[in-house]
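Colleague: Next input, structure requested:
(chains A and B)
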Amino acid sequence: KAGVTQTPRYLIKTRGQQVTLSCSPISGHRSVSWYQQTPGQGLQFLFEYFSETQRNKGNFPGRFSGRQFSNSRSEMNVSTLELGDSALYLCASSLWDQNTEAFFGQGTRLTVV
Amino acid sequence: GESVGLHLPTLSVQEGDNSIINCAYSNSASDYFIWYKQESGKGPQFIIDIRSNMDKRQGQRVTVLLNKTVKHLSLQIAATQPGDSAVYFCAEGGNRDDKIIFGKGTRLHILP
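Modeller: Have a look, this model is predicted:
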């Protein structure tokens, strides 16, 4: 069965722009979580969606948002990009919640210039 | 490939030896713990998990040990192979916030 798919793999944006990243979870998985990974801060939880509802949220500013569609596919959006938003954005899917085995995608490498 | 962390602690192990990677977790209320492996250019890959009602769990070539008294988690890899080279993350969850919190990671380097 297909794994977690994230698109695009690489993205370059300029400061002030906005960006939308996409994640297709494993078929049948209903929970999608997003993480930001940077060399300095490691892996940090952004938010989790389940059945089209945000179930949990990390400590990121409101510029970071997301949504989940009825087919469990999820998107995250970052508005008014800052240089510090440059990171690897990872999506993970699990059957029910984060406390069950999660499968990660390869990530989207976002570079803000 | 992707640089996961420029200043991660590194463990260098001879091929064929056993590796032990340690992790201190932060929340005494956490009751679910996971180890992930991240190879260059890839997302983290689930290795093994353990619930707080256990203190040891074994998988294929891997063993996770949990010491709740000192909030310590370890991952033991038997007969380390070149393919084990990666960054290893511990993560804790199941706490009141219901969030998964990742550790900073340890880079495992295999010596020939």
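
Colleague: going forward, measure contacts and count neighbours with C-alpha atoms only.
Modeller: Will do.

Colleague: where does the chain have low pLDDT?
Modeller: Because you didn't say which chain, this covers chain A. Counting by pLDDT under 70, the ranges of chain A that qualify are A:1, A:98.

Colleague: that's the wrong chain, I meant chain B
Modeller: B:1-7, B:95-97.

Colleague: Residue numbers of chain A in contact with chain B?
Modeller: Applying Cα under 8 Å from any Cα of the partner chain, we find that chain A lies next to chain B at A:37-45, A:56, A:58, A:90, A:98-99, A:101-107.

Colleague: ok, now with 7 Å
Modeller: A:39-40, A:42-43, A:90, A:98-99, A:102-107 (Cα under 7 Å from any Cα of the partner chain).

Colleague: List only buried entries from those residues.
Modeller: A:42-43, A:90, A:98-99, A:102-107 (16 or more other Cα atoms under 10 Å in any protein chain shown).

Colleague: Mind jotting down where the strands sit in the chain?
Modeller: Just going to use chain A. In chain A, the segments counted as strands under DSSP state E are A:5-7, A:10-13, A:19-24, A:31-38, A:42-50, A:53-57, A:64-68, A:74-78, A:87-94, A:103-104, A:108-112.

Colleague: wait, I meant chain B there
Modeller: Using DSSP E, strands in chain B cover B:10-14, B:19-24, B:32-38, B:45-51, B:56-58, B:62-67, B:72-77, B:86-93, B:101-102, B:106-111.

Colleague: Just the buried positions in the fifth one, please.
Modeller: Within strand B:56-58, the residues that count as buried by 16+ other Cα under 10 Å are B:Lys56.

Colleague: what packs against that strand?
Modeller: strand B:62-67 (3 or more Cα pairs under 7 Å, 6 or more residues apart in numbering or on different chains; DSSP states H and E).

Colleague: just how off-centre is the strand it packs on within its chain?
Modeller: Centroid displacement of strand B:62-67 relative to its chain, using Cα atoms, centre = their mean, to the nearest Å, is 9 Å.

Colleague: again, but for stretch A:45-56
Modeller: On the basis of Cα atoms, centre = their mean, stretch A:45-56 sits 10 Å off its chain's mean C-alpha point.

Colleague: Give me the residues contacting it.
Modeller: Outside stretch A:45-56, the residues within contact range by Cα atoms under 7 Å, 6 or more residues apart in numbering or on different chains are A:30-36, A:57-58, A:60, A:67-70, A:72.

Colleague: Do me a favour and get the end-to-end distance for that stretch?
Modeller: Chord length of stretch A:45-56, first to last residue, is 9 Å (Cα to Cα, to the nearest Å).

Colleague: Same check on stretch B:77-90?
Modeller: 14 Å.

Colleague: and B:Asp17, what are its phi and psi?
Modeller: phi -80, psi 170 (degrees, to the nearest 10).

Colleague: wait, doesn't it sit right on B:Ile77?
Modeller: No: assessed by Cα atoms under 7 Å, B:Asp17 is found out of contact with B:Ile77, at 8.7 Å.

Colleague: who's more crowded, the two?
Modeller: Neighbour count, other Cα atoms under 10 Å in any protein chain shown: between B:Asp17 and B:Ile77, B:Ile77 has more, with 20 against 14.

Colleague: Surely that one touches B:Ile21?
Modeller: No: in this structure, B:Ile77 is not within contact of B:Ile21 by Cα under 7 Å, at 8.4 Å.

Colleague: Can you get me a residue count around B:Thr69?
Modeller: So B:Thr69, with other Cα under 10 Å, has 7 neighbours.
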